[in-house]
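S.K.: Mind folding the following:
(2 chains)
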Amino acid sequence: MEQEYYFDNGATTRTDPQVAAVITDMLVNCYGNPSSLHRKGLEAQLRMDTARRQLAALMGCEAKNLTFTSGATEANNLAIFGAVYARRHGGKKIITTAFEHSSVLAPIQQLEREGYQVVRISPDRQGNISAQSVIDAVDEDTVLVSCMMVNNELGSILPIEQIARGTRRKNPNTFLHCDAVQALGKLPFKASRLGIDAMAVSGHKIHGPKGIGALYLREGARILPRTFGGEQEKRLRPGTENAAYIVGFGEASRLMQQNGKRYMQQITQCNQRLRQLLDGKESIVFHAPENALPTILNFSVLGIRSEIMLHFLEQKGICVSSGSACAKGAKSHVLSALGLTGQEIDSALRVGFSHENTLEQVEILANAILEGQKVIKR
Amino acid sequence: MKEIILLKDGEIALKGLNRYSFEDTMIKNVKRRLSSLGRFRFYKAQSTIYIEPMEDGLDMDEAVERLKKVFGIAAISRACIAQKDWEDICRLAPEYLAQQLEQAKTFKVNAKRSDKRFPLKSPEICAELGAILLEQFPHLKVDVKNPEITVTVEIRDYAAYIHADQIPGPGGMPVGSSGNAALLLSGGIDSPVAGYMMAKRGLELCAVHFVSPPYTSDRAKLKVIELAHILTDYCGRIRLHVVNLTRIQETIKERCPEDLFTVVMRRFMMKIAERIAQQENCQALVTGESLAQVASQTVQAIACTDAATVMPVLRPVIGMDKEEIIKIARSIGTFETSIQPYEDCCTVFTPKHPKTKPTLSMLIEAEAAIQDYQQLVDTAVSTVEVITVTHEGAKGYLE
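M.R.: Numbers count the residues shown, from 1 in each chain, chains lettered A, B, ... in the order given. Here you go, the predicted model:
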């Protein structure tokens, strides 16, 4: 089989074989409905309870404050619509950033169509957003502030705690939501100490399965459900629980908790190596801010369209991204928000590292990019 | 900048010769509670216990959260260590407390100079540091009567410590300093509260829970394990004894008058709990009975239950209203678990019209119909399942 060099870990990660084994065991052996009264049901529930605690430990919150969903998109939708609709008589203003993930941007766009006023804070040229710029926009009429913790294309880290504190001081009734998909397990934080009301996370960015996510809700933070049915997940997310994937998410969280530091060391080394190898090379421009999370490195190979370079690398078994995978190749709104030139945006590549990448792989990637620069006709 | 946690003990300090053994018990409990967070150094001096982190990146927030639940601690201060050098203090105070000072509107400085060799006297420390803070945080105002934040500088033997307001501790006596007791833990709201209250007075607890399958489910048992788990934050490790009461309940139902069912059953429970308590070296039983709450908690019924055991039965919530008990249950975090709707063994076979004023003679007569009484108790005691519940969980149930 052809060698595989997977550098698109911002889009998704390989499911850890240990996680896959746990999922198979759940599907085949522990298949009871967690709501069933008999032993088979209880077994499944107990395994799910354990998973909830494992994820809670990784997120720094209590297990009872977590609701499992089908992914972060659902969690973001649930938090945003759920919070705003529960505060119909609250304000009419929503504050977010210009470079959120589409699963936050789109629900807020929908609310805008429904009559809410939306303020989108733009990052600076480096891709950073200051706490003050968000806080300044908060007023009495602000019902929701939604900010990501780490940007999925740049790795920029947003000062969530300061944003939360400042927002609270100006308007204690504002609901604070945080999309922490790219931060989970990679950036140390404690959800319950950030001063936020809600936080969305996803399983498949930490070597868990796709199709599972969770929403953290602060004790006492009220939102309305988006779907109605049984009593699962405290009625916030009815429907028979995806027990197998929940348990898989738990196992992935446990592994991340156990090995996270080591994983991040490996990731940091890979990131630094790639920067080193490409730094100063002609027509290569880095976009990630200085203090970005090393899981992501974004740069342009000027003059070569991202997609062409992507497919060139693909021929060598190398996978990178031309932007956020969820945008399926559309022009990146994140890079546009930075104010990059059209040429820079068209030639941007996103490398997403995981602990499974090695320095040798990074060298192969760098060489391939430099080769592509020579070979690809402009 | 290095942080440290200072603990002030409350009631213990008032004790006479036993004071040091109480303090040692408390330190032992504190060590056990913090051990999973990393390495700390513990020492005591000037009626204060010092907890110094010995590695970088220890979770000090979590440490404080855990200490808020260790009985015997009257107050917790999270401080920054400075050299006993005026410049060092003036440099560190604004830096360490920046976040809190930014958010406050008024403040004052409080100085405690137990090391009298320090060149500045307390009022001088207050005045000069106050001026420095005002300069760096111009939005602040001094309010000596009712400040939002009090900046305290303590000049002690080893170093100077700078901290904002103290966090109140849970008070009480260190768990283990008053002996051992067996808590009858039902799964309801009251018994976990009773256990919490007696642990606060220094008792180390084991727990006894009764199940009656198939009338009660595994989920009901799990709920009790969860309750015990919540209590471990306060009480430390709890050995939970799960007693099968099915055979006994069926026998009572068969042979005794219906209206005495509950009291006969409670006497069985007391006898079984007493036996377990003896095995576990306990000196008392603890129950969550509250006078007149239900038919078996009238003073007459309690007299009959009491007569079943020679051990003292401690009932800390006996004089409390349900609302008062619920308030504590909420504050210690057991309430939500307690109200999960699973049938427990106290509600199995409950009579429609229980006798509210039973007498001991009635009971002795009723129990005479159970010829194998002792044997039933023996079997229940010998088939008990012991589940060790710790902060980490319970093997096989909470992992």
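S.K.: Next up, the contacts around the residue nearest to the spatial centre of chain B.
M.R.: The residue lying closest to the centre of chain B (CA atoms, centre = their mean) is B:Tyr234, at 3.2 Å. With contacts taken as CB atoms under 8 Å, 6 or more residues apart in numbering or on different chains, B:Tyr234 has the following neighbours: B:Lys69, B:Val70, B:Phe71, B:Pro170, B:Val175, B:Tyr196, B:Ala199, B:Lys200, B:Ile332. (C-beta placed from N, C-alpha, C; glycine too.)
S.K.: Count the residues that sit near the residue of the stretch 51-200 of chain A found nearest chain B.
M.R.: Nearest residue of the stretch 51-200 of chain A to chain B (CB to the nearest CB) works out as A:Arg193 at 6.0 Å. A:Arg193 has 15 neighbouring residues, counting by other CB atoms under 10 Å in any protein chain shown.
S.K.: give me every residue that touches it.
M.R.: Residues in contact with A:Arg193 (CB under 8 Å, 6+ apart) are A:Gly60, A:Glu161, B:Asp61.
S.K.: tell me the least confident of these?
M.R.: Sorting the contacts of A:Arg193 by pLDDT puts B:Asp61 at the bottom of the list (90).
S.K.: Can you check what pLDDT the model gives residue 141?
M.R.: Picking chain A for this. Residue-level pLDDT assigned to A:Asp141 equals 96.
S.K.: wait, I meant chain B there
M.R.: Reported pLDDT for B:Lys141: 91.
S.K.: what do you get for the one 5 residues further on?
M.R.: Reading off the per-residue confidence, B:Asn146 sits at a pLDDT of 92.
S.K.: Spell out which parts of chain B neighbour chain A.
M.R.: Taking CB under 8 Å from any CB of the partner chain as the test, the list of chain B residues beside chain A reads B:Asp61, B:Gln103, B:Ser217, B:Asp218, B:Arg219, B:Leu222, B:Glu336, B:Gly393, B:Tyr397, B:Leu398, B:Glu399.
S.K.: Any chance of the contacts of A:Arg193 in TSV with neighbour count and distance to B:Thr25 as columns?
M.R.: Output for those, formatted as TSV (neighbours: other CB atoms under 10 Å in any protein chain shown; distance: CB to CB, whole Å):
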residue	neighbour count	distance to B:Thr25
A:Gly60	18	31
A:Glu161	18	37
B:Asp61	13	26
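S.K.: which one of these is nearest A:Arg305?
M.R.: Closest approach to A:Arg305 among the contacts of A:Arg193 (CB to CB): A:Glu161, at 39.3 Å.
S.K.: give me every residue that touches the residue nearest to the closest one when sequence neighbours are not counted.
M.R.: With CB to CB, 6 or more residues apart in numbering or on different chains as the criterion, A:Glu161 has its nearest non-adjacent residue at 5.0 Å, and that residue is A:Leu194. A:Leu194 is in contact with A:Ile160, A:Glu161, A:Ala164, A:Cys178, counting by CB under 8 Å, 6+ apart.
S.K.: Determine which two of those are furthest apart.
M.R.: Distance extremes for the contacts of A:Leu194: the farthest pair is A:Glu161 and A:Cys178 at 9.9 Å, using CB to CB.
S.K.: which stretch of helix or strand covers whichever residue of the stretch 1-150 of chain B sits closest to chain A?
M.R.: Nearest residue of the stretch 1-150 of chain B to chain A: B:Asp61, at 6.0 Å (CB to the nearest CB). Using DSSP states H and E, B:Asp61 sits in helix B:60-67.
S.K.: And A:Val19, by the same measure?
M.R.: Following DSSP H and E, one finds A:Val19 within helix A:17-28.
S.K.: List the buried residues in that helix.
M.R.: Buried residues in helix A:17-28, counted by 16 or more other CB atoms under 10 Å in any protein chain shown: A:Val19, A:Ala20, A:Val22, A:Ile23, A:Met26.
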